[in-house]
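J.: Quick check, what structure comes out for this input:
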Amino acid sequence: MLLEKYLIMHCAPTLASLKTASLFCIEGLPQEELARQVEALDCRLERKGIRLLVLKHRGARAWLYVCRKSQLQADLRKPGVARFLARYGYESAEAAGALQRLQQRMERGEQFPHEIGVFLGYPLGDVIGFIRNGGRNCKCTGCWKVYCNAGEAQKQFARFRKCRDIYARLWSEGRSLWQLTVAA
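T.: Below you'll find the predicted structure:
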């Protein structure tokens with residue numbers, strides 16, 4: 001299944017429970033086939049605390065969001081997050097409602113909703129820094145652009161790279177997506 005390969009390549013730290021969520025773009029799968037694969041994998045992985053959803057679909061391109069819902073809920077409850085998201089029309093910091101609003105913003109918006117960093121588990125200070133600076137003037141770059149604690153972020157980036165490398169190797173050696181997904 002093509003989608004499984006994408007999940008291993010782009011979501012290993014989320015599957016390993018090192019990261020709240022991952023986002024990736026997939027092209028070339030017909031919408032019906034993508035919907036079928038997403039539904040099948042979401043149903044299976046939900047038992048391990050993972051959710052998959054299509055945030056946006058345009059033509060042959062789709063943006064898939066993969067998250068650990070319990071970690072997302074914890075991230076949304078962190079100090080300042082609800083107030084920050086309210087600026088972008090989020091009425092609730094509950095995961096289900098917030099994800100629904102994010103999906104609406106992705107589908108309707110011509111600009112990318114940069115508050116998505118909160119939904120990916122990025123530090124709030126870095127998300128705010130990115131928005132304020134228009135993506136410029138960061139201290140370092142990895143999975144995200146860092147504006148606050150560069151040292152800690154670089155350690156995290158190294159953990160994520162190592163995880164991706166290990167997952168890619170194990171998957172190529174025959175481990176299944178199910179075996180590689182840590183239960184919540």
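
J.: mind listing the strands for the chain?
T.: For the chain, the strands defined by DSSP state E cover 21-27, 50-58, 61-68, 140-141, 145-146.

J.: Dead centre of the chain: give me the residue that sits there.
T.: S22 (2.3 Å; Cα atoms, centre = their mean).

J.: Run through the chain and note the low-pLDDT ranges.
T.: Scanning the chain for pLDDT under 70 picks out 1, 110.

J.: so where's the longest helix in the protein?
T.: As assigned by DSSP state H, the longest helix anywhere in the chain is helix 150-172.

J.: Could you tell me the angle between that one and strand 21-27?
T.: 50 degrees (axes from the mean of the first three to the mean of the last three Cα atoms, to 10 degrees).

J.: What residues sit buried inside helix 150-172?
T.: By neighbour count with 16 or more other Cβ atoms under 10 Å, helix 150-172 contains the buried residues 153, 156-157, 160, 163-164, 167, 171. Heads up, the C-betas are built off the backbone N, CA and C, glycines and all.

J.: ditto for stretch 20-30
T.: Quick answer for stretch 20-30 (16+ other Cβ under 10 Å): 20-23, 26, 29.

J.: How about stretch 96-109?
T.: Buried residues in stretch 96-109 (16+ other Cβ under 10 Å): 98-99, 101-103, 105-106.

J.: Where do the helices of this structure begin and end?
T.: Under the criterion DSSP H, the chain contains helices at 2-15, 31-45, 69-76, 81-86, 95-108, 116-119, 124-133, 150-172, 177-180.

J.: what residues are up against C140?
T.: C140 makes contact with 146, 150, 153-154 under the criterion Cβ atoms under 8 Å, 6 or more residues apart in numbering.

J.: so can I have CSV of the strands of the chain showing distance to L76?
T.: Shown next, in CSV, are those (distance: least, Cβ to Cβ, whole Å):
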stretch, distance to L76
strand 21-27, 11
strand 50-58, 14
strand 61-68, 11
strand 140-141, 25
strand 145-146, 21
